[in-house]
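>>> sequence first, then the predicted structure:
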Amino acid sequence: MTPRRALILIPSLLALLAAPAHGDTPGGVQAKNKTVDGEKVYKQICAACHMPNAMGSGGGAIPALAKNRKMADPAYPIGILMKGKGAMPPMNDMLSPAQVAAVIAYVRTNFGNAYPQPVTEADVKRIAKPGRSME
């Protein structure tokens, strides 16, 4: 590399170093703009077990979320996500209440589910209080 070319690249490299590293922080850019994409959360976390089409495992160890009547009551998926059940580990340390609300709202309005009642971060915080039974 010529010295002149190196001088041209230096400002660009300095700008990269000065920029905040949102991708390396918990929540990344989402934490900055407070917008959570439920579809993205589903694809990045839930689809690994529940499958991209939300049909779960064939043997029933991982239940289908698609066309699932239990999704009608937001308290049910909130409790399962936050406290875990069976093969489902608790996600309360992995997902924020905003992420839980967003992914539940996404699942409740997709995959053959038609439960448009909003699920909010406040619902998640209220329903997932320690000591509250989720059955």
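The structure has been received and is ready for your questions.
>>> switch to C-alpha atoms for all contacts and neighbour counts from now on
OK.
>>> and V119, how far from D37?
Distance, V119 to D37, using C-alpha to C-alpha, to the nearest Å: 13 Å.
>>> run through this protein and note the low-pLDDT ranges.
1-34, 130-135 (pLDDT under 70).
>>> let's see it at 90
1-36, 57-61, 86-87, 92, 116-118, 127-135 (pLDDT under 90).
>>> state the helix or strand in which the spatially most central residue of the chain lies.
Closest to where the C-alpha atoms of the chain average out (C-alpha atoms, centre = their mean) is V41, at 3.1 Å. Per DSSP states H and E: V41 is located in helix 38-41.
>>> and the helix or strand just after that helix, how far from the chain's centre?
Going down the chain from helix 38-41, the next helix or strand is helix 47-50, by DSSP H and E. Put simply, helix 47-50 sits 12 Å off its chain's centre (C-alpha atoms, centre = their mean, to the nearest Å).
>>> buried stuff in whichever helix or strand comes after helix 47-50?
Next along the chain after helix 47-50, taking DSSP H and E as the criterion, comes helix 75-83. Within helix 75-83, the residues scored as buried using 16 or more other C-alpha atoms under 10 Å are A75, P77, I78, G79, I80, L81, M82, K83.
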